[in-house]
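Trainee: This is a predicted model, with the sequence first.
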Amino acid sequence: MATRIEVLKTYKIYIDGKFPRTESGRYYILKSSKGESIANICNSSRKDFRDAVVAARRALAGWSGRSAYNRGQILYRIAEMLESRRAQFVAELLQQGSKAEDAEVEVSASIDRILYYAGWADKFQQIFSSVNPVEGSYFNFSVPEPTGVVAVMAPESYSLIGFVSSLLPALVGGNTVIVLASKTKPLCAVSFAEVLNSSDVPGGVINILTGDAEELADHFSTHMDVNSVVVSLKNDVMLKKIQLNAAGNVKRVIEFSMNDWFSTEASSPYHILDCQEIKTTWHPMGV
Amino acid sequence: MNFIESPNVDHVNVEERVARLCKRSIKKESKLEALKLALSMVDLTTLEARDTPGKVIQMCHKAMRPHDFEDIPRVAAVCVYPNLVRVAKKTLLNSGVKVASVATAFPSGMSSTKIKISETKWAVSEGADEIDMVISRGKFLSGDLQYVFDEIALVKEACGEAHLKVILETGELSTLDNVRKASDLAIMAGADFIKTSTGKLQPAATLPVTLVMFEAIRDHFQRTGKMVGMKPAGGISTSKIAIQYLVTLRETLGNAWMNSNYFRFGASTLANDLLMQIVKLKTGVYQSEDYFSKD
């Protein structure tokens, strides 16, 4: 009997709830630590990023307009879906060079982190809101609101825990997100798109690209329709360039690099606050 | 040629040809020129029952000076309801931007010929340079072509010096054969422009419909030497689509039609997308709607 040829997955990008190949037709070959070829990965272009921004902008009103409670439910659903696919993610971490016990720990920690932020979905507003004492007969209060479209550059290592920890704070706060996955460890990010696709996250709310950070950093930071850039990637030269470019439309640049993504500092409601803007309202008393 | 003897349209062929023309890649300097040309051909339109003089004045200023970026052309015309023509005319003065007014019981056309003529005359007396009329689709579809023909001819007469654009409302004509027939009929009745749609109905302008209308114009030109203009309207909201129309125009009618005297886009949101693309090409930075005025 002929031996069966395994059907390998095509790793594609995730834009607007769909899985297109890169518009540019470019790809790079992902190699294991032993030098064997694992997969062809899309090398996304500026046009893929532009398309992702259009999708994210379109999805913003719907996502930020949902009740915070509902956003929490959807995050919980992501955790459920990831749990049910943990074997796949463990296998991919192993392919990317993790040790067996480390891979198990990373997947578990990632699921727990999603759950952690799901819990914060309808609570962080109360912590960061305030009623302000003012002179005169006004009721004055401040509340956090989502910044808008947030572009995230995920860390190069910690391809799952670092990836989810970088995008979740923006997401849970009602922003829509475009994430660039780690170039050397992109497998989990692409598979995470499949998790999102089966967990009630509306199309366009999270868009996932793979490719070269050096090339895309300029577009991430100059695009006038991007409101904030979260840089979890460690690269001081690139960070400086992003900060300079971001001045074009006064984007918020948030440096969010961690030495240890498992640590307690890596998960905090203050990371949610980073991608929020505070709105203060004056209201006449007794009306 | 009698307008009843319009040629039949090969539906499949039209779709194929349009699909082929849409694949053209227009980049860099050519794209910039195409975008500027498209902007200069826009009829900036507001046709809502809640339109106010304030909104029209604001739109007129945008028409004259769409953006403060260097070297941006003004648009071809503004298109409003008859009761706002005077306001538009007063704001635009001698800027070169024309005032177009819809008339003849727009958008349905469900009124008597007499009322349509008097509405047209009133719009012209208010200062309209161009009249966008609708044809009586009910009469056309029931086969009373002579009625439709006579009505267009009478409205044309009522226009006097003003240019007449005839809206076929192709979304209600069902077939491309009907589109061709209505185009021939309108051209022979004296239309200066033929226009696809009111913008009040889906589907509005599409490339296949536009191609068929271009061909009617081309055949008329080859027969008589008279050039008729074309205005697709409704649903053309992005620069990409606008450039596809320009490619189809160039390949069907040629360079002589590549200006605002013979080609217009009826649109409200297209102008901003064109501006965003022009600024993107000049600065290299993708733009956001937040930085472009809405009206």
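Mentor: Cool, the structure landed.
Trainee: Tell me the secondary structure at residue 38.
Mentor: Assuming you mean chain A. When classified by DSSP: H, G, I helix; E, B strand; the rest coil, residue A:38 comes out as strand.
Trainee: does the residue nearest to the spatial centre of chain A belong to a helix or a strand, and which?
Mentor: In chain A, the centroid-proximal residue (Cα atoms, centre = their mean) is residue A:167; its distance is 2.5 Å. Taking DSSP states H and E as the definition, residue A:167 sits inside helix A:161-172.
Trainee: thought residue B:111 was touching residue B:104?
Mentor: Yes. Using Cβ atoms under 8 Å, residue B:111 is in contact with residue B:104, at 7.4 Å. The C-beta positions use only the backbone N, C-alpha and C, and glycine is treated the same way.
Trainee: what helices or strands is the helix or strand hosting residue A:117 leaning on?
Mentor: Using DSSP H and E, residue A:117 sits in helix A:100-120. The contact analysis (3 or more Cβ pairs under 8 Å, 6 or more residues apart in numbering or on different chains; DSSP states H and E) places helix A:100-120 against helix A:68-84, helix A:86-95, helix A:161-172, helix A:269-274.
Trainee: Of all the ones you listed, which one comes closest to residue B:147?
Mentor: Among these, helix A:68-84 comes nearest to residue B:147, with 56.9 Å by Cβ to Cβ.
Trainee: Return the distance of the closest one from the chain's centre.
Mentor: 15 Å (Cα atoms, centre = their mean, to the nearest Å).
Trainee: Likewise for stretch A:239-248?
Mentor: Here the centre of stretch A:239-248 is set off from its chain's centre by 20 Å, with Cα atoms, centre = their mean.
Trainee: can you give me the helices in the stretch 101-250 of chain A?
Mentor: For the stretch 101-250 of chain A, applying DSSP state H, counting those that start in this stretch gives helices covering A:124-128, A:161-172, A:187-197, A:213-222, A:236-246.
Trainee: Could you look over those and pick the most buried one?
Mentor: Of all the helices of the stretch 101-250 of chain A, helix A:161-172 has the most neighbours on average by mean count of other Cβ atoms under 10 Å in any protein chain shown, namely a mean of 27.
Trainee: Scan chain B for its longest helix.
Mentor: The longest helix of chain B (DSSP state H) is helix B:207-224.
Trainee: Put the alpha carbons of it into CSV.
Mentor: Extracted in CSV, the C-alpha atoms of helix B:207-224 (Å, rounded to 0.1, in the frame of the first residue of the first chain):
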residue,chain,number,x,y,z
LEU,B,207,-19.1,49.2,-14.9
PRO,B,208,-21.0,46.9,-17.3
VAL,B,209,-23.9,49.4,-17.5
THR,B,210,-21.5,52.3,-18.0
LEU,B,211,-19.7,50.4,-20.8
VAL,B,212,-23.0,49.9,-22.6
MET,B,213,-23.8,53.6,-22.3
PHE,B,214,-20.3,54.5,-23.5
GLU,B,215,-20.9,52.3,-26.6
ALA,B,216,-24.2,54.1,-27.3
ILE,B,217,-22.3,57.4,-27.1
ARG,B,218,-19.5,56.1,-29.3
ASP,B,219,-22.0,54.8,-32.0
HIS,B,220,-23.8,58.1,-32.0
PHE,B,221,-20.6,60.0,-32.4
GLN,B,222,-19.5,57.8,-35.3
ARG,B,223,-22.9,58.3,-37.0
THR,B,224,-23.3,62.0,-36.4
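Trainee: Near chain B, which residues of the stretch 51-200 of chain A are found?
Mentor: Neighbours of chain B within the stretch 51-200 of chain A, by Cβ under 8 Å from any Cβ of the partner chain: residue A:53.
Trainee: On the strand side of things, show who residue A:140 bridges to.
Mentor: When assigned by DSSP bridges, residue A:140 has beta-bridge partners residue A:132, residue A:282.
Trainee: burial of it, as a residue count?
Mentor: Per other Cβ atoms under 10 Å in any protein chain shown, the neighbour tally for residue A:140 reads 16.
Trainee: OK, contacts around it?
Mentor: A:131, A:132, A:133, A:134, A:280, A:281, A:282, A:283 (Cβ atoms under 8 Å, 6 or more residues apart in numbering or on different chains).
Trainee: Name the nearest residue to the third one, sequence neighbours excluded.
Mentor: Nearest-residue entry for residue A:133: residue A:140, 7.7 Å, with adjacent residues in sequence omitted and distances by Cβ to Cβ, 6 or more residues apart in numbering or on different chains.
Trainee: Tell me how far residue B:289 lies from residue A:251.
Mentor: Counting by Cβ to Cβ, to the nearest Å, the separation of residue B:289 from residue A:251 is 16 Å.
Trainee: Which one's more surrounded, these two?
Mentor: Higher neighbour count among residue B:289 and residue A:251: residue A:251, with 25 against 14, using other Cβ under 10 Å.
Trainee: Am I right that that one is in contact with residue A:228?
Mentor: Yes. The criterion here is Cβ under 8 Å, and residue A:251 meets it with residue A:228 at 5.7 Å.
Trainee: how far away is the closest residue to chain A within the stretch 151-295 of chain B from residue A:226?
Mentor: Going by Cβ to the nearest Cβ, chain A is nearest to residue B:288 of the stretch 151-295 of chain B, at 3.6 Å. Residue B:288 is 8 Å from residue A:226, where distance means Cβ to Cβ.
Trainee: what's the answer for residue B:193, then?
Mentor: When distance is defined by Cβ to Cβ, residue B:193 is 41 Å away from residue A:226.
Trainee: who has more neighbours, those two?
Mentor: With neighbours defined as other Cβ under 10 Å, residue B:193 and residue A:226 compare such that residue A:226 has more, 27 against 24.
Trainee: Provide a list of residues in contact with that one.
Mentor: A:53, A:149, A:150, A:151, A:178, A:220, A:249, A:251.
Trainee: wait, is residue A:29 part of a strand?
Mentor: Yes. Residue state for residue A:29 (three-state DSSP) corresponds to a strand.
Trainee: ok, it - contacts?
Mentor: By Cβ under 8 Å, 6+ apart, the neighbours of residue A:29 are A:37, A:39, A:40, A:41.
Trainee: Which one (most neighbours) among those residues?
Mentor: In terms of neighbours by other Cβ under 10 Å, these top out with residue A:41 at 25 neighbours.
Trainee: Check whether it sits in a helix, strand or coil.
Mentor: Residue A:41 - assigned by three-state DSSP - is strand.
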